[in-house]
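**Student:** dropping a prediction and its sequence here:
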Amino acid sequence: MVKQTIQIFARVKPTNKTTAVYSVDNEEQSGGSLEFILPRDLADGFINNKRESYRFRFQKVFDQTVNQEEIFEAIAKPVADTVLAGYNGTIFAYGQTGSGKTFTITGGPERYSDRGIIPRTLSYLYQHFSRDSSMVYTTHISYLEIYNEVGYDLLDPRHEASNLEDLPKVTIMEDPEQNIHLKNLSLQPSANEEDALNLLFLGDTNRMIAETPMNQASTRSHCIFTIHLCSREPGSATLRRSKLHLVDLAGSERVGKTGVGGQTLTEAKYINLSLHYLEQVITALSEKNRSHIPYRNSMMTSVLRDSLGGNCMTTMIAMVSVDKRNVDESISTCRFAQRVAMIKNEALLNEELDPSLLIIRLKKEIQGLKEELAMVTGEQRSDDLTQEEIQRIEDQLKVFLDDPDPEVTLELGPDMRKIQHCFSFLKARLREEPSTQKGADDISPRPSSSLTDRPDSQANRELLKLKDMLTQRDNEISILHSNYIALLSVV
Ligand SMILES: Nc1ncnc2c1ncn2[C@@H]1O[C@H](COP(=O)(O)OP(=O)(O)OP(=O)(O)O)[C@@H](O)[C@H]1O
């Protein structure tokens, strides 16, 4: 288990407008800092000469000139590496509309060098798969959009032909272990980088199709691109499953400021509501000894439950605009990030046994043991006794039971099948009605009393001998037996 607080980074969007006074310092030992220095506005209209400073700490602050490659190397690559090692990872971008969330997470459309975290991470992962022959990797992609608190599958091919409202809604289901499952969200296999990029493209196109003048969903929705990774060593039954969520949240600005109405106002309210619930969850998580975390209040917090205070290594990128008019929103983004930085996650290595592979392995092991046993006993054994073997055992049993000598023994050899058959035979005989039994075959007591009630009975002594024989079975047989039981329990 790896305990780690959520890592926070800040990225300053390039601008050619007049900026507020700000400074970036990455030289500090404890990380980077971003400081805004603002003239203090007084409520009565006077502006005094004192300046107010707002200083925020981050793991690192990326100023305007930092390019996409540097962002990937510093932020996404370490998360991709933990996902390759079998841990869950999340990177989410948070900030006001236009602050560069989509640019950072997906990329810009104009230049190849503007590719964002998703395509670069895919490229990095598939390169790793092709280099690493010690593991077998399989990858699936899902792409979820949450718009007005309703989930949609961006990889649903019906997107093109239907209105958003007519598409099946993605709903949340919770299993008894409180794991979240998303109904109607497809998991598309992607064998290589090209497949994965096509899925990203399909999802982004579907997002844009929904973005009609009526419905400007892109900036108003949260999007979660998830890479589901499964890896195992060739021939091993142990699987590692991990997920990497790359999250582009809707703009975080407050409704009051945007001055909108109608449909946009409804959207803004939903965004505010879901970001408000996100804040509630984050505040609850950063409080010590808080037992109830209100994840269930919104779809986004339910989906990201593991990323926030759960089994995940999570990184947040606070998207900051230093244009004068945006500084107050940027400060609130940074404040939010400071609270997020207090959340501690506990990431677990997601290892599990694949039942089908385990069965194959156990079958092989049983076959090997059978062969070993055949070598030791000099006798090839099938699962069941043959008719001839059964006949031979029953003849032996009759001779044994008829022999008045109390010291007589029954030699069956180290063969559980024969011993079991003897028990079944004796049991069947004991359960027979006395009236149906004949002559020397009659070994049955009266139905109401058992053999162990009559210590003087010869049958009892023989039975005890048989029991002794059973306890002296050699190790190979008991290994074989317990493997059968393990196999049955898996089936
Ligand atoms: N670091 C950057 N370098 C160059 N251009 C950028 C950068 N960041 C953002 N942009 C540009 O700024 C514009 C707005 O960015 P983007 O769409 O990524 O914002 P956003 O935060 O995702 O907004 P929304 O909340 O509306 O989705 C885009 O045209 C984008 O290309």
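**Tutor:** Perfect, I can see it now.

**Student:** tell me how far the spatially closest residue to Glu193 that is not a sequence neighbour lies from the ligand.
**Tutor:** Sequence neighbours aside, Tyr126 is the residue nearest to Glu193 in space, at 4.0 Å (criterion: C-beta to C-beta, 6 or more residues apart in numbering). (Glycine included, C-beta is placed from N, CA and C.) According to C-beta to the nearest ligand atom, to the nearest Å, Tyr126 stands 25 Å off from the ligand.

**Student:** element containing Tyr126, please.
**Tutor:** Taking DSSP states H and E as the criterion, the element that holds Tyr126 is helix 117-131.

**Student:** contact partners of that helix?
**Tutor:** By C-beta atoms under 8 Å, 6 or more residues apart in numbering, the residues outside helix 117-131 that reach it are 68-69, 71-72, 75-77, 80, 83-84, 91, 104-107, 137, 139, 192-193, 196-197, 200, 225, 227, 229, 244, 246.

**Student:** hmm, try it at 6 Å
**Tutor:** Residues outside helix 117-131 that contact it (C-beta atoms under 6 Å, 6 or more residues apart in numbering) are 72, 76, 80, 105-106, 137, 193, 196, 200, 225, 246.

**Student:** next one: stretch 81-101
**Tutor:** Contacts of stretch 81-101 with the rest of the structure, by C-beta under 6 Å, 6+ apart, involve 13, 79, 104-105, 219, 240, 242-249, 251-253, 307, 311-319, 321, 329, 333, 347, 349-350.

**Student:** in strands only, show me the residues you listed.
**Tutor:** In strands, defined here by DSSP state E, the members of these are 240, 242-248, 313-319, 347.

**Student:** looking at those residues, which one is closest to Arg431?
**Tutor:** Of all the ones in strands among the contacts of stretch 81-101, the one with the least separation from Arg431 (C-beta to C-beta) is Arg240, at 53.1 Å.

**Student:** the closest one: neighbour count?
**Tutor:** 21 (other C-beta atoms under 10 Å).

**Student:** the stretch 1-150 of the chain against the ligand: which residues are in contact?
**Tutor:** 13-14, 95, 97-103, 108 (C-beta under 6 Å from any ligand atom).

**Student:** 5 Å - rerun?
**Tutor:** 13-14, 97-103, 108 (C-beta under 5 Å from any ligand atom).

**Student:** for His421, see how far away Ile118 is.
**Tutor:** 65 Å (C-beta to C-beta, to the nearest Å).

**Student:** so the two - more neighbours on which side?
**Tutor:** Comparing Ile118 with His421 by neighbour count (other C-beta under 10 Å), the higher total belongs to Ile118, at 26 against 19.

**Student:** what's the pLDDT at the more buried one?
**Tutor:** Per-residue pLDDT puts Ile118 at 97.

**Student:** over to the one 5 residues further on?
**Tutor:** Predicted confidence (pLDDT) for Ser123: 97.

**Student:** quick revisit: among the residues of the stretch 1-150 of the chain next to the ligand, which ones are buried?
**Tutor:** Neighbour-count burial within those applies to 13, 97-103; the criterion is 16 or more other C-beta atoms under 10 Å.

**Student:** ok, so of these, who is nearest Asp175?
**Tutor:** For Asp175, the closest of these turns out to be Lys101, at 31.7 Å, with distances computed as C-beta to C-beta.

**Student:** distance of the closest one relative to Cys223?
**Tutor:** Here the distance between Lys101 and Cys223 works out to 9 Å (C-beta to C-beta).

**Student:** repeat that for Leu244.
**Tutor:** Taking C-beta to C-beta as the measure, Leu244 falls 14 Å from Cys223.

**Student:** which ones among the residues of the stretch 1-150 of the chain next to the ligand lie within helices?
**Tutor:** The helices in this structure, assigned by DSSP state H, contain 101-103 from those.

**Student:** so Leu38 sits in a strand?
**Tutor:** Yes. Using DSSP: H, G, I helix; E, B strand; the rest coil, the assignment for Leu38 is a strand.

**Student:** OK, contacts around it?
**Tutor:** Contact criterion C-beta under 6 Å, 6+ apart gives Glu52 as the residues in contact with Leu38.

**Student:** contacting residues for Asp306?
**Tutor:** Under the contact definition (C-beta under 6 Å, 6+ apart), the residues listed for Asp306 are Cys312.

**Student:** kindly recompute the last result at 7 Å.
**Tutor:** Counting by C-beta atoms under 7 Å, 6 or more residues apart in numbering, Asp306 makes contact with 88, 312.

**Student:** kind regards, and thank you for your time.
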